[in-house]
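> curious how this folds, go ahead:
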Amino acid sequence: MMAGILTLKKHRLLHDLTQKEAAKEIGVSAEVLSKWERGITFPTPPNIDKLCELYDTNYMLINFYPNIPLKGTKGK
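Predicted structure coming up:
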C-alpha cells in the first residue's frame, strides 16, 4: 500500500493494527513501538526493514520524526 510519506503511526493505522499487534509482528514491545511512533527513539536498520515489510512500504516513505513536518507538507 503506497500512500506517500507518512508517520509510523499513520502507516500502522492504515493497516488497521494496534500498537500491540504491530509490535508483536516486528518482534518488539508495544512500548518500544510507541517510542518510535513519537520520535523519542529510532528503530535499528533490521527493525526498519521489518516495519517496511509489515507496512508494505520503503523507508523513504516513513517520517520517523513526527514532530518535525517534512518540507512541502502541512504537518499532517
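> going forward, measure contacts between C-alpha atoms and count neighbours the same way
OK.
> residue 67 against residue 39, yeah?
Yes: judged on C-alpha atoms under 8 Å, residue 67 makes contact with residue 39 at a distance of 7.2 Å.
> ok now stretch 55-72, how far from the chain's centre?
Distance of stretch 55-72 from the chain centroid (C-alpha atoms, centre = their mean, to the nearest Å) equals 8 Å.
> contacts for that stretch?
Defining contact as C-alpha atoms under 8 Å, 6 or more residues apart in numbering, one finds that stretch 55-72 is touched by 1-2, 4-8, 11-12, 15, 36-39, 42, 48-49, 52, 75-76.
> neighbour count for residue 67 and residue 39, which is higher?
More crowded of residue 67 and residue 39, by other C-alpha atoms under 10 Å: residue 39, with 18 against 13.
> identify the residue nearest the more buried one in space, chain neighbours excluded?
residue 65 (4.9 Å; C-alpha to C-alpha, 6 or more residues apart in numbering).
> the closest residue to residue 41 other than its chain neighbours sits in which helix or strand?
Distances taken as C-alpha to C-alpha, 6+ apart place residue 35 nearest to residue 41, at 5.6 Å, with adjacent residues excluded. Take DSSP states H and E as the rule and residue 35 turns out to sit in helix 30-37.
> tell me the helices and strands packed up against that helix.
Judged by 3 or more C-alpha pairs under 8 Å, 6 or more residues apart in numbering; DSSP states H and E, helix 30-37 is in contact with helix 8-14, helix 19-26.
> what do you get if the cut-off is 6 Å, keeping everything else the same?
Under the contact criterion of 3 or more C-alpha pairs under 6 Å, 6 or more residues apart in numbering; DSSP states H and E, helix 30-37 touches helix 19-26.
> so which elements touch the helix it packs on?
In terms of contacts (3+ C-alpha pairs under 6 Å, 6+ apart), helix 19-26 is packed against helix 30-37.
> centre of the chain to the helix it packs on, how far?
With C-alpha atoms, centre = their mean, you get 9 Å for helix 30-37.
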